[in-house]
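Trainee: The following comprises the amino acid sequence and a computationally predicted model.
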Amino acid sequence: MTMNYDVSAIRDDFPILHQQVYGKPLAYLDNAATTQKPQVVIDAIRNYYEHDNANVHRGVHALSERATVAYEASREKLRLLLNAASTKEIVFTRGTTESINLIASSWGSANVHAGDEVLITEMEHHSDIVPWQMLCDRTGAILKVLPINDDGELCMERLDEFLSERTKLVGVVHLSNALGTINPVKEVIDRAHAAGAKVLVDGAQALAHLKVDVQALDVDFYVTSAHKMYGPTGIGLLYAKEALLETMPPYQGGGDMIAMVTFERTEYNALPYKFEAGTPNISGAIGFGAAVDYLNSVGVENIAAHEQTLLAYATEKAEAFDGLRQIGTAENKATVLSFTIEGVHPHDLGTILDRDGVAIRAGHHCAMPVMQHFRVPATARASFAAYNTVDEVDALFTALTKAKDMFS
């Protein structure tokens, strides 16, 4: 294991892990779907509701002031995590999906017109496919798709043939939830910018596993969800360059996104509040900030090294497992082992493993085009996090052996 990395101490931080499922110790290996929450995150959310529950920005009483301070402190933690230039560039959303829809609706409707092109990749999550299809349907723009190879890597040698002066935006996932591939996003950004296009990076899977510096990347839009990085569900962020946000129209209208309203006209609020209509998910934002504190205390690099050790161990066992086909064998990958086993449907695998206390994901992982590329209906997916162990990898393969024997 990683030097000085005490996985048992980390496991103690997560109360949900200390349970049995069907009489077996829980081995939670579905972290790409959502990570578990450390006690400090749970405590931060509970503390808000027990002591500070009030609306933010609007009240002059003590509870509102405390809630506002905690809410905005989380925004600053996220700015630091991403190395954004200003908190004006950090917009709270419900998560990655809403962030992408915000960009497609606000920036896309103002900048993408008939005959323009939006370029995405074959490994995108549905949340980085469907909003662009909807935008293209509304505007008459064309959606283009950069293919992947059979290792689950982008065909970067073909990128330039898909870029043109008509390309308005390139959408690319940083770390694939279905394959584990870490994409060369800096190269994509540089080449897209050279063609005059803006770039959106889907970082939903990345921030719990990789250090991200949005200024070094020079990325236009970066999006993520708290629940993939030890935070609560229903909260996420949109990072965008301040100059872009200034030109974008509001995504929704209502309270807090306004400076002044009459029946004749409305003046919109300053950034980032222009994009945060209505009462926000205050407890979620505070929990998100606590998750960032937790990530920083353990160290993203330490977590990543630990997960790479687990992935290497699991990959070695997978390669030796008769009838197992790995889906996604990129040279640069993290945290995800996707596979099929000859003669056993992934959904049957998931059900059988659950009876042994092993929680994996079985399905298309909201990436149906990836499944179509590899000509499979679904895959089984084990995905690792800070608290997983070698023993849990062993439990996974013991249960897989049992499942294979049942169907042989």
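Mentor: Alright, I've got the coordinates.
Trainee: What backbone torsions are found at the spatially most distant residue from the centre of the chain?
Mentor: Farthest-out residue of the chain from its mean C-alpha position, per Cα atoms, centre = their mean: residue 264, at 40.7 Å. Main-chain dihedrals, residue 264, degrees, to the nearest 10: phi -90, psi -40.
Trainee: any idea of the pLDDT on residue 3?
Mentor: On the pLDDT scale, residue 3 is placed at 56.
Trainee: quick one: the residue farthest from the centre of the chain and residue 215, what's the gap?
Mentor: 40 Å (Cβ to Cβ, to the nearest Å). Placement of C-beta: from N, CA and C, glycine included.
Trainee: Check residue 169 too.
Mentor: Separation of residue 169 from residue 215 (Cβ to Cβ): 20 Å.
Trainee: more crowded one of the two?
Mentor: Of the pair residue 169 and residue 215, residue 169 is the one with more neighbours under other Cβ atoms under 10 Å, namely 25 against 12.
Trainee: pretty sure that one is touching residue 112, no?
Mentor: Yes. Residue 169 is in contact with residue 112 according to Cβ atoms under 8 Å; the separation is 7.0 Å.
Trainee: Residues that sit against both of the two, list them.
Mentor: residue 118 (Cβ atoms under 8 Å, 6 or more residues apart in numbering).
Trainee: and residue 126, what is it in contact with?
Mentor: Contacts of residue 126 (Cβ under 8 Å, 6+ apart): 366-368.
Trainee: Most neighbours of all these, which one?
Mentor: Most surrounded of the contacts of residue 126: other Cβ under 10 Å gives residue 367, at 24 neighbours.
Trainee: My guess is that one contacts residue 121. True?
Mentor: No. Residue 367 lies out of contact with residue 121 (Cβ under 8 Å); the separation is 10.7 Å.
Trainee: And the closest residue to residue 73 other than its chain neighbours, what's its pLDDT?
Mentor: Spatial nearest neighbour of residue 73, chain neighbours left out: residue 289 (6.0 Å); criterion: Cβ to Cβ, 6 or more residues apart in numbering. Confidence at residue 289, expressed as pLDDT, is 98.
Trainee: Check which residues of whichever strand or helix holds residue 289 are buried.
Mentor: Using DSSP states H and E, residue 289 falls within helix 282-298. Using 16 or more other Cβ atoms under 10 Å as the test for burial, helix 282-298 gives 282-295, 298.
Trainee: Report the secondary structure state of residue 391.
Mentor: Residue 391 carries the three-state label helix when classified by DSSP: H, G, I helix; E, B strand; the rest coil.
Trainee: quick one, what contacts the residue lying closest to it once chain neighbours are set aside?
Mentor: By the measure of Cβ to Cβ, 6+ apart, the closest residue to residue 391 outside its immediate chain neighbours is residue 27, 7.9 Å from it. Residue 27 makes contacts with 357-359, 388, 391-392, 395-396, as judged by Cβ under 8 Å, 6+ apart.
Trainee: returning to that earlier point: pretty sure the residue nearest to residue 73 sits against residue 41.
Mentor: No. Between residue 289 and residue 41 there is no contact under Cβ under 8 Å: 9.2 Å.
Trainee: Now do the helices in the stretch 301-408 of the chain.
Mentor: Remark: helices assigned in the stretch 301-408 of the chain by DSSP state H, counting those that start in this stretch are 346-355, 368-373, 390-407.
Trainee: For those helices, give me a markdown table that also has distance to residue 184.
Mentor: Shown next, in a markdown table, are the helices of the stretch 301-408 of the chain (distance: least, Cβ to Cβ, whole Å):
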| stretch | distance to residue 184 |
| --- | --- |
| helix 346-355 | 29 |
| helix 368-373 | 18 |
| helix 390-407 | 28 |
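Trainee: These: which one's closest to residue 224?
Mentor: When those are compared by Cβ to Cβ, helix 368-373 sits nearest residue 224, at 20.0 Å.
Trainee: Could you pull out the buried residues of that closest one?
Mentor: Buried, per 16+ other Cβ under 10 Å, within helix 368-373: 369-371, 373.
Trainee: phi, psi of the residue nearest to residue 391?
Mentor: phi -110, psi 100.
Trainee: any idea how far it is from residue 351?
Mentor: Separation of residue 27 from residue 351 (Cβ to Cβ) stands at 15 Å.
Trainee: How about residue 225?
Mentor: 27 Å.
Trainee: Please look at residue 202 and residue 174 and confirm they touch.
Mentor: Yes. Using Cβ under 8 Å, residue 202 is in contact with residue 174, at 6.3 Å.
Trainee: follow-up on the earlier one: adding distance to residue 65, write the buried residues of helix 368-373 out as TSV.
Mentor: Shown next, in TSV, are the buried residues of helix 368-373 (distance: Cβ to Cβ, whole Å):
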residue	distance to residue 65
369	48
370	48
371	50
373	53
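Trainee: SS state for residue 144?
Mentor: strand.
Trainee: Just give the nearest non-adjacent residue to it, would you?
Mentor: Spatial nearest neighbour of residue 144, excluding adjacent residues (Cβ to Cβ, 6+ apart): residue 119 at 4.8 Å.
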